[in-house]
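1. Compute the structure for the input listed below.
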Amino acid sequence: GVSVYFGSVAMGESSAYKTFIRFNAATATLKSLSITMNGANGGNFSMPVLTKNSLAPGARTTFKVRFSPNAPGSRNGALHIPNSDANEDPFDILLKGTGTAP
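-> Next comes the predicted model:
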């Protein structure tokens with residue numbers, strides 16, 4: 001998995017969207033793609049929607065996430081993308097940001 005930092009954002013505001021790309025570098029179709037979110041402050045990050053639930057070899061899909069803190073300090077969440085790839089099931093993305101006073 002990877003870790004993405006959204007920077008410092010004032011409570012009541014939202015960061016710019018960050019775009020993520022899920023690419024299938026395998027030789028078989030990735031199936032059963034979906035997204036779940038959790039983490040101590042998962043609700044501070046927008047829940048993306050995948051437009052595809054499978055990816056052919058060489059195909060990709062994109063999704064966007066933004067950070068909207070509801071409290072000051074370090075905020076953490078995690079996206080999980082379950083799929084049929086035994087090496088990366090689920091693919092995890094750690095989300096981090098810092099909430100600041102308005």
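
2. from here on, contacts and neighbour counts on C-alpha atoms
-> Fine.

3. helices and strands of this structure: which one has the lowest mean pLDDT?
-> Ranked by mean pLDDT, DSSP states H and E, the helix or strand of the chain with the weakest confidence is strand 18-23, at a mean of 90.

4. in its sheet, what does that one sit against?
-> According to DSSP bridges, strand 18-23 forms sheet pairs with strand 60-65 (antiparallel).

5. so which strand or helix has the closest residue to residue 68 other than its chain neighbours?
-> Leaving aside its sequence neighbours, residue 68 sits nearest to residue 14 (CA to CA, 6 or more residues apart in numbering; 4.4 Å). Assigned by DSSP states H and E, residue 14 belongs to neither a helix nor a strand.

6. hang on, residue 14 packs against residue 70?
-> No. The criterion here is CA atoms under 8 Å, and residue 14 misses it with residue 70 at 10.1 Å.

7. picking up where we left off before, what's the helix or strand just after the least confident helix or strand of the chain in contact with?
-> Downstream of strand 18-23, the next assigned helix or strand under DSSP H and E is strand 36-38. The contact list for strand 36-38, computed with CA atoms under 8 Å, 6 or more residues apart in numbering, reads 47, 77, 78, 79, 80, 81.

8. in strand 36-38, what counts as buried?
-> residue 37 (16 or more other CA atoms under 10 Å).

9. Sheet-wise, list the partners of that strand with their directions.
-> strand 73-81 (antiparallel).

10. can you dump the C-alpha coordinates of the strand it pairs with into PDB?
-> Extracted in PDB, the C-alpha atoms of strand 73-81 (Å, rounded to 0.1, in the frame of the first residue of the first chain):
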ATOM      1  CA  GLY A  73      -4.600  17.800  14.900                       C
ATOM      2  CA  SER A  74      -3.500  14.700  13.100                       C
ATOM      3  CA  ARG A  75      -6.400  12.900  11.200                       C
ATOM      4  CA  ASN A  76      -5.900   9.300   9.800                       C
ATOM      5  CA  GLY A  77      -8.000   7.000   7.600                       C
ATOM      6  CA  ALA A  78      -7.400   4.100   5.300                       C
ATOM      7  CA  LEU A  79      -8.900   3.000   2.000                       C
ATOM      8  CA  HIS A  80      -9.000  -0.700   1.100                       C
ATOM      9  CA  ILE A  81      -9.600  -1.900  -2.400                       C
END
